[in-house]
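Participant: I'd like to go over a predicted model; first the sequence, then the structure.
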Amino acid sequence: MSQSFRHPEILEIARREGKVTVEGLATHFGVTLQTIRRDLSDLADTGRLERVHGGAVLSSGTTNIGYEERRALNKETKRAIARACAAQIPNGCSLFLNIGTSTEAVAEELLHHENLMVVTNNMNVANILVTNPSCNIIVTGGQLRRADGGLVGNLAAETIRQFKFDLAVIGCSALDKDGDLLDFDIQEVSVSQTIIRQSRKTFLVADQTKFTRSAPARIASLADLDAMITDHPLPSDLADACANWGTRVIVAL
């Protein structure tokens, strides 16, 4: 297995377990200790891990993960979350899907929905849904972020303000213990806040790894949303808070 395949899995293991060890990874991948040490050094050089004695831990989380790497992480989990989300989306509704690999997974699950109007600032979502002849697709304007096909900035927000959506499905880069949705790009945050304001209902799709990360910009609180679709029960304090807020938590099985 080449390092391009090992690196995403190493990061996934680190997020799931909090730490990786050189010996454990060498056994897991069937490679030498020296190979794993090089992998961990490469990941540390790019700010995604921090080296510790005998292995590495997650970095402080102030650097976002590359798009292709995010696409490779937790694919089956994202697919399960996307299926659970799509089951909540009725035919014949107006829908916004924003930037992110989780929302792209939702788009894949909507290919057999009928009479949808989907507005998106995600070029990848538009390209996925173009194969559904029963879906009317509107792409916002905005500054193209080449790294992930996202459209951000004032023009994107201005387009969104022309609509009132039945439902929006959004993602985030991180979710803190208080239930705040966080992101890295302040322009994307502004667009996400506009999406929430222009939607009758808003769903968050986010797997449990978002609780192990941090990001500097606040989008909103789970209190502002109607539902969160995830792959693992929330910590008890946050689950109780969601119940008080009236925010449904749907755990994909």
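Facilitator: Nice, thanks for sending it over. Numbers count the residues shown, from 1 in each chain.
Participant: ok, residues contacting stretch 18-29?
Facilitator: Stretch 18-29 has contacts (Cβ atoms under 8 Å, 6 or more residues apart in numbering) with 1, 6, 10, 13-14, 32-33, 35-37, 39-40, 49, 52, 54-58, 212. Any C-beta I mention is one placed from the backbone N, CA and C, and that applies to glycine too.
Participant: Helix or strand next in line after the lowest-mean-pLDDT helix or strand in the chain, which one?
Facilitator: Ranked by mean pLDDT, DSSP states H and E, the weakest helix or strand in the chain is helix 67-72, scoring a mean of 56. Where DSSP states H and E defines the elements, the next helix or strand beyond helix 67-72 is helix 75-86.
Participant: Quick one: mean pLDDT over that next one.
Facilitator: In this model, helix 75-86 has a mean pLDDT of 93.
Participant: quick one: strands adjacent to the helix or strand following that helix?
Facilitator: Using DSSP H and E, the helix or strand that follows helix 75-86 in sequence is strand 94-97. Sheet pairing of strand 94-97 (DSSP bridges) gives strand 116-120 (parallel), strand 167-170 (parallel).
Participant: Give the rounded mean pLDDT of strand 94-97.
Facilitator: 98.
Participant: Could you tell me the angle between the following helix or strand past that strand and strand 116-120?
Facilitator: Sequence order places helix 101-109 as the next helix or strand after strand 94-97, per DSSP H and E. Helix 101-109 runs at 160 degrees relative to strand 116-120, counting by axes from the mean of the first three to the mean of the last three Cα atoms, to 10 degrees.
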